[in-house]
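K.L.:
Show me the folded form of this:
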Amino acid sequence: MKHYPTLTIAVPAYNEENTIEHLLRALIMQENGVYKLNEIIVISDGSSDKTAALVKKLQLEYPIIQLRDDKQRMGKIARLNQFFSDTTSDFLCIIDADMILTDTRYLKKIMAKVTKDPKAQMISLHQEPLRPTHFVGKLFYATFVMWDFVRLSIPNYDHVQNYYCGATVYRKSFFSNLCIPKDVFEERIYLYLMAQKLNGFRFYRTPLIHYWPITSFSDYFKLADRAFGSNQKKLEKLFGKEVNTIHIIPWKYKCIGIVKSFYHQPLYTPIALVFGYTLSILAAYKPKQKTALWDISRSTKVALSPIPDKHTVIISCYDDLKNPSYAGGGAFCIFELAKRLTKKFRVIVITGTYKNAQNETIEGIEYLRIGSSVFGHRIGQLVYQFALLPIAARFRYKLWIESSTPPFTFSLLPLVIKKPLLIWIHMFCGKEMKRKYNLPFEKVEHFLANNYSHAVVLSEYMKHQLRTVNNHCSISIIPNGVSKDMIVSIGNTSSAYMLFIGRIEISQKGIDLLLEAFDTIPSTNKPKLLIAGDGDIKEVNKLKSLIHSSASFLSISYVGKVSGLAKQRLFKNASAVLVPSRFDTYPLTILEAFSYGKPVVLFSIPELSWVPNNASIQIPPYSLTEFGKAMKRIHTDKQLQMQLGSQGLSFVKRNTLEIISKKFEELSFQLI
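P.N.:
From the prediction side, this is the model:
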């Protein structure tokens, strides 16, 4: 996975019941891809309306939203200081609650620019007014637009008038030590000059965020209270007397801006000039407010209909890519599928918890970790199953995709879910659980299976298995796959070693059988065997013990967990990939081997009947001598490696993640 800079979005809110839900839903719908969204924090600054209640309601749908409901009003400057001191993300984006987002790629576009400019410390984001429908509102709008033309005529936009403070991004190196002094009432001048000291002020004219301009005279005079122009002794001490005139724009740029305004709005600009000048004269006689607690402009708080959600799809799977005990192929497939589904849906993946787990958003996927890890992952799987039930009853969604989780393939979710439920079966767990614990898991599995109406399985064999216990279910076959970017154009015949790679689970994965079969190969010209992967510490220790006691231990190496370039090198330099499983269904290891043009040696168990014969050597279960002979043969016969490897490449190209995701997307829309 790529590592993106982290982002916290902060929203100070005072009596914003008309706008807060619209903004938060718009923020939730933002595409990721160049940043990782850590959290959305809302501080209700002593709100007396329904602001806090609306945010609490949204928290139930979106766990990434956090609310701090402070009953005391402290003002925006105090709240800015809170955001600066509490945020640990790489970037902080502070947005006023009455801003209006219409572009779902707004933050992605902003962050793409910011990350390319390491010197940018504080980035002011251009905000455009929306046009009111009545005449007085249009006059105010024309005045605001004319002023925009003026301030945007300044070279490089480097002026405090281009720092509106409605939407701003701050870099951690800037905000981490930032604290606006208490007796400063104009935070814009302070922050602008602090950023300018570092040559770090930037103004982005695109993309756009919008707002409603004031539409009443009373609100204009409230806004005038916040305008530049009053002397501030604290700022003078810090930056010199020029702070009292820093807000003034030279006449040259005022004239340029007015000419541009005439060109774009010829009818309204003369009126806006007279209107704006008259109001500024009247406002000059009104004493400036000497407090950080502003009166709100009610005409800008236009009630907005909440943005329609993308359809929400929930995927539940105990495992995920960060789980230290598992992080298996199923978790990888779910991550890759979910990443692609985010283009059309809002996707929440609910996984089991583990040490240091936290809720987060990864590449547009909202991860929610639930349950308990106190008693280990085996008990944790059971706790997870029951923890899903209240979430399924409480959350709003259009489709729930349940990924089968041991010890049972099926769960109690159909009893509480009223929306479409699609079970994605990676394996039938009952048989393996019965073999492990000698308990009637299969009977429970068969009983629960009848509650499902829609299922996805990986192969024809699995479809037949499900049909024997549920004859009314609609079953789709969608196999696992790898990304087309992972598939090499042509395989190579490097034969440095033979490779086992996957989760270290001795019995299920047949690693003990592999070591015994390897011992049957004569010591003369014996190939090397590399074992890669991770798992439960007891299983890893058992593996090390088995290697140490093997007659061939000098030819066996355990390299642990591998990823990235190290994993690529392991595949590229292997003569073949070994899959000695006693029980498996559609291991990603086989597809990865094929994507590198590598043949596979496996036991021909019924669950792996989908593996093409012309891309593998299949041995009757569990003939260790024959498995040993097959290993030696494939390791030394480069022509056979190429022949089988090319067929494996052809197979894997027919089922890429892109093709599979499209099938899931089509099925999801059908069910919704």
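
K.L.:
going forward, measure contacts between C-alpha atoms and count neighbours the same way
P.N.:
Will do.

K.L.:
what sits against Ala593?
P.N.:
By C-alpha atoms under 8 Å, 6 or more residues apart in numbering, Ala593 lies in contact with Phe571, Ala576, Val577, Pro599, Val600, Gly648.

K.L.:
Weed out the non-buried ones from these.
P.N.:
Burial by neighbour count, 16 or more other C-alpha atoms under 10 Å: within the contacts of Ala593 this picks out Phe571, Ala576, Val577, Pro599, Val600, Gly648.

K.L.:
Quick check: which element contains the last one?
P.N.:
If you go by DSSP states H and E, Gly648 is part of helix 638-653.

K.L.:
Next, the buried residues of that helix.
P.N.:
638, 640-649, 651-653.

K.L.:
who does that helix touch, helix- and strand-wise?
P.N.:
Helices and strands in packing contact with helix 638-653 are listed as helix 588-595, helix 624-636; criterion 3 or more C-alpha pairs under 8 Å, 6 or more residues apart in numbering; DSSP states H and E.

K.L.:
Tell me which of the ones you listed lies nearest to His548.
P.N.:
If you check each of the helices and strands packed on helix 638-653 against His548 by C-alpha to C-alpha, helix 624-636 wins as the nearest, at 19.1 Å.

K.L.:
Filter the buried ones among the contacts of Ala593 down to just the ones in helices.
P.N.:
Residues of the buried ones among the contacts of Ala593 located in helices (DSSP state H): Phe571, Gly648.

K.L.:
how close does Gln72 get to Asp183?
P.N.:
For Gln72, the distance to Asp183 (C-alpha to C-alpha, to the nearest Å) stands at 19 Å.

K.L.:
higher neighbour count, the two?
P.N.:
The neighbour comparison of Gln72 against Asp183 (other C-alpha atoms under 10 Å) goes to Asp183, with 13 against 10.

K.L.:
tally of neighbours for the nearest residue in space to the more buried one that is not next to it in sequence?
P.N.:
Closest residue in space to Asp183, ignoring its immediate chain neighbours: Lys234 at 6.6 Å, by C-alpha to C-alpha, 6 or more residues apart in numbering. Taking other C-alpha under 10 Å as the neighbour definition, Lys234 ends up with a count of 15.

K.L.:
Please shift the residue numbers so they start at 16 in all later answers.
P.N.:
Understood, numbering begins at 16; the last thing we discussed is Lys249.

K.L.:
check which helix or strand covers Lys249.
P.N.:
In the assignment (DSSP H and E), Lys249 maps to helix 248-254.

K.L.:
What is the very next helix or strand once past that helix packed up against?
P.N.:
Note on helix 248-254: by DSSP H and E, the next helix or strand toward the C-terminus is helix 266-279. The contact analysis (3+ C-alpha pairs under 8 Å, 6+ apart) places helix 266-279 against helix 150-166, helix 283-299.

K.L.:
what pLDDT, on average, does the following helix or strand past the first one get?
P.N.:
Past helix 150-166, heading to the C-terminal end, the next element that is a helix or strand (DSSP H and E) is strand 182-186. Average pLDDT, strand 182-186: 96.

K.L.:
For strand 182-186, enumerate the helices and strands it packs against.
P.N.:
Other helices and strands packing on strand 182-186, by 3+ C-alpha pairs under 8 Å, 6+ apart, are strand 106-110, strand 137-144.

K.L.:
Can you flag the weakest of those by average pLDDT?
P.N.:
The stretch with the lowest mean pLDDT among the helices and strands packed on strand 182-186 is strand 137-144, which comes in at a mean of 92.

K.L.:
which intervals of the stretch 466-615 of the chain have sub-threshold pLDDT?
P.N.:
504-508 (pLDDT under 70).

K.L.:
if we can go back for a sec, need the winner for burial among the helices and strands packed on helix 653-668.
P.N.:
Ranked by mean neighbour count, the helices and strands packed on helix 653-668 are led by helix 603-610 with a mean of 24 (mean count of other C-alpha atoms under 10 Å).

K.L.:
Select the longest helix from the protein.
P.N.:
With DSSP H applied, the helix covering the greatest number of residues in the chain is identified as helix 391-409.

K.L.:
got a list of contacts for that helix?
P.N.:
Helix 391-409 is contacted from outside by 75, 333, 340, 367-369, 385-389, 420-422, 426-428, 431-432, using C-alpha under 8 Å, 6+ apart.

K.L.:
and of the helices and strands packed on helix 266-279, who's closest to Lys124?
P.N.:
Checked against C-alpha to C-alpha, the stretch from the helices and strands packed on helix 266-279 lying closest is helix 150-166, at 21.9 Å.
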